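Engineer: Sequence first, predicted model second:
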Amino acid sequence: MHTYCIYASENYPYLSKELERQLGITYKTAWRILHLIRKSLKQNTSPLNGQVEVDEMFIGGKGDGGTYNENQSKVIKAKSKVVGAVERGGEIRAKKVDNLSASTLGTFLEDNVLKENTLLMTDSNNSYDKVASDYNRHTVNHSKREYSRNGIHINHIESFWGHVKRSTKGTYKTVSKKHLQSYLDAFVWHYNMRHSDRERFSSLLKAIV
């Protein structure tokens, strides 16, 4: 089975149809196999440290903000909220959350990023000001077109978000809020296994057996 099959979507049946043809099974069975594979690809729970970038993402939803952004709050509310962290040269963690309040971001940091020996990098989102006060935090101010300063940036996590959004829009078309976390787990798993095809295949077998 091709490892790309873990990314099949309930709203975009091509990969499920491909598996149906390869294995000679029904479409419903193929979709369920792929769904269970995604669910088995849980993220590592060990916290990150070193140089760690943290950022948030809005994804999905429908509607237009309007010419003067008069509908922006309604459109943003319809989108799913995700927060993520990447250890440079290491792994990523990503989680769908109910909101992007300071409390939610603080809980994510506490669960996923060590305070000791960590250089924490974020944008200038002031929601981090209090909850990240115990971290060695450095920021870039995107509103002032500052994207990198002496190695301080969040380009890696933003690149990951871009990959997730392009794949969601171009391949899956839509991903429901109900199943979003399992898709994030699959994207994170694939990123964390990026260094070795052999290791990735072995990890996949261990997860599903």
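Structural biologist: That came through fine. Residues are numbered from 1 along each chain as shown.

Engineer: Surely residue 100 and residue 57 touch.
Structural biologist: No: Residue 100 lies out of contact with residue 57 (C-beta atoms under 8 Å); the separation is 9.5 Å. The way it works is simple: take the backbone N, C-alpha and C, and place the C-beta from them, glycine included.

Engineer: what's the helix or strand where residue 186 lies packed up against?
Structural biologist: Residue 186 belongs to helix 180-192 when elements are defined using DSSP states H and E. With contacts taken as 3 or more C-beta pairs under 8 Å, 6 or more residues apart in numbering; DSSP states H and E, helix 180-192 sits against helix 27-40, strand 80-87, strand 92-97, helix 155-167.

Engineer: let's go with 7 Å and repeat that
Structural biologist: helix 27-40, strand 92-97 (3 or more C-beta pairs under 7 Å, 6 or more residues apart in numbering; DSSP states H and E).

Engineer: Could you check the angle that helix makes with helix 27-40?
Structural biologist: 70 degrees (axes from the mean of the first three to the mean of the last three C-alpha atoms, to 10 degrees).

Engineer: Contacts for helix 180-192 next, please.
Structural biologist: Residues outside helix 180-192 that contact it (C-beta atoms under 7 Å, 6 or more residues apart in numbering) are 6-7, 38-39, 41-44, 80, 82, 91-94, 96, 160, 164, 175.

Engineer: and what of stretch 120-135?
Structural biologist: Identification of contacts with stretch 120-135 by C-beta under 7 Å, 6+ apart yields 52-55, 100-102, 105-106, 109, 113, 115, 118, 136-143, 152-154.
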